[in-house]
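In: Sequence plus predicted model, see below.
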Amino acid sequence: MKAKLIRIGNSRGVRLPKPLLVQAGLDDEVDIRVEAGEVIISASRSPRAGWAEAAAKHGPSGLLDAPSATRFDEEEWAW
């Protein structure tokens, strides 16, 4: 698909047809970057998207490793 750049104030923009936006999964906010002379527009993701699901895979404690005593536990903590 070809498109013309349109003037938006001092900038330029591209109008994207709705079916293209739906197919790409683009919403109100996007990430834009340049790689090898190409402008790449992708759906914006939260920096921590998927963390909760990944942590849930590790059981109810959410810990990757078994707890281990530290120097603080051995020297400074009073039970």
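Out: Structure's in. What do you need?

In: now the residue most central in space within the chain: how far from residue 30?
Out: Nearest to the geometric centre of the chain sits residue 45, at 3.2 Å (CA atoms, centre = their mean). Between residue 45 and residue 30 the computed distance is 10 Å (CB to CB, to the nearest Å). C-beta: built from backbone N, CA, C; applies to glycine.

In: same deal with residue 43?
Out: Residue 43 sits 6 Å away from residue 30, going by CB to CB.

In: quick one: the helices in this structure?
Out: Assigned by DSSP state H, the chain shows helices spanning 18-24, 51-56, 71-75.

In: would a markdown table of those with mean pLDDT and distance to residue 5 be doable?
Out: Putting the helices of the chain into a markdown table (pLDDT from 0 to 100; distance: least, CB to CB, whole Å) gives the following:
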| stretch | mean pLDDT | distance to residue 5 |
| --- | --- | --- |
| helix 18-24 | 92 | 16 |
| helix 51-56 | 81 | 38 |
| helix 71-75 | 80 | 60 |
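
In: Output those as JSON lines; include the columns mean neighbour count and distance to residue 37.
Out: Compiled in JSON lines, those are given as follows (neighbours: other CB atoms under 10 Å; distance: least, CB to CB, whole Å):
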{"stretch": "helix 18-24", "mean neighbour count": "10", "distance to residue 37": "20"}
{"stretch": "helix 51-56", "mean neighbour count": "10", "distance to residue 37": "34"}
{"stretch": "helix 71-75", "mean neighbour count": "8", "distance to residue 37": "53"}
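
In: sorry, back to before: for the residue nearest to the centre of the chain, what are its contacts?
Out: By CB atoms under 8 Å, 6 or more residues apart in numbering, the residues touching residue 45 are residue 31.

In: Any idea what residue 42 is bridged to?
Out: Beta-bridge partners of residue 42, counted by DSSP bridges, are residue 31.
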